[in-house]
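S.K.: Model the following, please.
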Amino acid sequence: MAKREKKKKRMKKSTKITLITITAILLFAIGFGAVYFYSTFSGIKKDTISKSDIEGSIDKDVKEKYDDSIINIALLGVDRRKGDTGRSDATMVLTVDKKHNKLKLTSIMRDSYVSIDGHGMDKLNAAFAYGGGALSIKTINQNFGLNITDYVVVDFGELADIIDALGGVDINVKQSEFTETNKYIESVMREANKPGKTLTAPGMQRLTGVQAVGYCRIRYTDSDFARTDRQRDVLVAMFNKVKTISPTELPGVIKKISPYLETSLGVSDILNLGTGVLKSGIGNIQQQIFPIEGLDNCVGTTTGTFYFKYDKDALKKRIQNYVFEDKDAKNQ
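M.R.: Residues are numbered from 1 along each chain as shown. This is a model prediction of the structure:
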């Protein structure tokens, strides 16, 4: 059981990076105009969900207190290489905050112990396996007090290819990370059947897709939460690359990743969202993870399964204050 849980967690960081990177590319693409968007994103799968059903999962006080100046969209990362629906390996919320002129990306730990409509208590990531994006949205709304009505699903099985499409990423690999990074690079090469090379030395260097995925999977040098720092290093490097992509190169990059996207958003929805994002400033994305280590979560087990357990009402209020009120996530 323990080994199986460890293996699942190796994918967590790479999934988050894929979600964030694709979000960045989506929004930059919108900035270059609707013509590029319509022609280039034809490969994206559109999913139709019941808006009335989703609306029913939003708390009445949330509807009354918060207007559409703050838009929340669920970003879900899955791995469909095995051909099944599977659980979401990462759950994030993209917040376009036109009220405070901010853009936020909030991660909710996939092992969070939540109530899933019709399925009782389970891990957050089980919602996608039970009911896809629609049930994932409802679960987030009902447990964390948000007002999400749409989602984007990303297949992260091709993360290495996406990073390569960006031309690689510049990362400072620490001496303490060097050996483990190479071990995971070799693992990625075997699992994905991709060619690659291990690193010859630590330090600042350009990593290929395979190397970057290996770097993101490191889990033995420090704690689970500390790995987020490496993920953010890669995130920043990928954003820097995205911002340098020229209008002529952008369609080719987007066409490569679009087959791995699925969304309930319509074209007009994404264009309107993009307008708000561009005004808020794509280069200043604020990031946060919930539950917060040392504040919200206590690790527990039920029938031998690993969960993040927490004070539901307290965490719900903390997330609402952060997302809607723009309050500091830790000091409330």
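S.K.: Please count neighbours and contacts with C-alpha atoms only from this point.
M.R.: Noted.
S.K.: all strands of the stretch 151-300 of the chain, in order?
M.R.: 151-155, 169-173, 203-207, 261-263, 285-290, 297-302 (DSSP state E, counting those that start in this stretch).
S.K.: Among those strands, show me which one is buried the most.
M.R.: Greatest average neighbour count among the strands of the stretch 151-300 of the chain goes to strand 151-155 (a mean of 24), per mean count of other CA atoms under 10 Å.
S.K.: neighbouring strands for it, and are they parallel or not?
M.R.: strand 70-78 (parallel), strand 261-263 (antiparallel) (DSSP bridges).
S.K.: Can you list the low-confidence ranges for the protein?
M.R.: 1-42, 79-86, 155-157, 221-229, 231-232, 235-236, 239, 271, 274-284, 297-303 (pLDDT under 70).
S.K.: one step back: as CSV, the strands of the stretch 151-300 of the chain with distance to residue 118 would be great.
M.R.: Below are the strands of the stretch 151-300 of the chain laid out as CSV (distance: least, CA to CA, whole Å):
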stretch, distance to residue 118
strand 151-155, 20
strand 169-173, 43
strand 203-207, 44
strand 261-263, 23
strand 285-290, 24
strand 297-302, 19
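S.K.: of all these, which lies closest to residue 240?
M.R.: When the strands of the stretch 151-300 of the chain are compared by CA to CA, strand 169-173 sits nearest residue 240, at 8.7 Å.
S.K.: can you tell which of the strands of the stretch 151-300 of the chain is closest to residue 115?
M.R.: Of all these, strand 297-302 sits nearest to residue 115, with 14.3 Å by CA to CA.
S.K.: how far does the helix or strand that comes right after the closest one sit from the chain's center?
M.R.: Heading C-terminal from strand 297-302, the first helix or strand you meet, by DSSP states H and E, is strand 305-310. The chain centre lies 20 Å from the centre of strand 305-310; the measure is CA atoms, centre = their mean, to the nearest Å.
S.K.: Restricting to C-alpha, output strand 305-310 in CSV.
M.R.: C-alpha atoms of strand 305-310 as CSV (Å, rounded to 0.1, in the frame of the first residue of the first chain):
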residue,chain,number,x,y,z
THR,A,305,-5.5,4.8,3.4
PHE,A,306,-3.6,8.1,3.4
TYR,A,307,-5.7,11.3,3.7
PHE,A,308,-5.2,15.0,4.6
LYS,A,309,-7.7,15.6,7.4
TYR,A,310,-8.5,19.2,8.6
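S.K.: Please name every helix or strand in contact with that strand.
M.R.: strand 113-116, strand 297-302 (3 or more CA pairs under 8 Å, 6 or more residues apart in numbering; DSSP states H and E).
S.K.: To residue 219, which of the strands of the stretch 151-300 of the chain lies closest?
M.R.: From the strands of the stretch 151-300 of the chain, taking CA to CA, the stretch that ends up closest is strand 169-173, at 14.3 Å.
S.K.: now the helices for this protein?
M.R.: 2-9, 12-31, 34-40, 51-55, 60-65, 126-144, 159-165, 175-192, 209-216, 227-242, 250-257, 267-280, 312-323 (DSSP state H).
S.K.: Can you mark which positions in the fifth one are buried?
M.R.: Going back to what we said before, that points to helix 60-65. By neighbour count on 16 or more other CA atoms under 10 Å, the buried set for helix 60-65 is empty.
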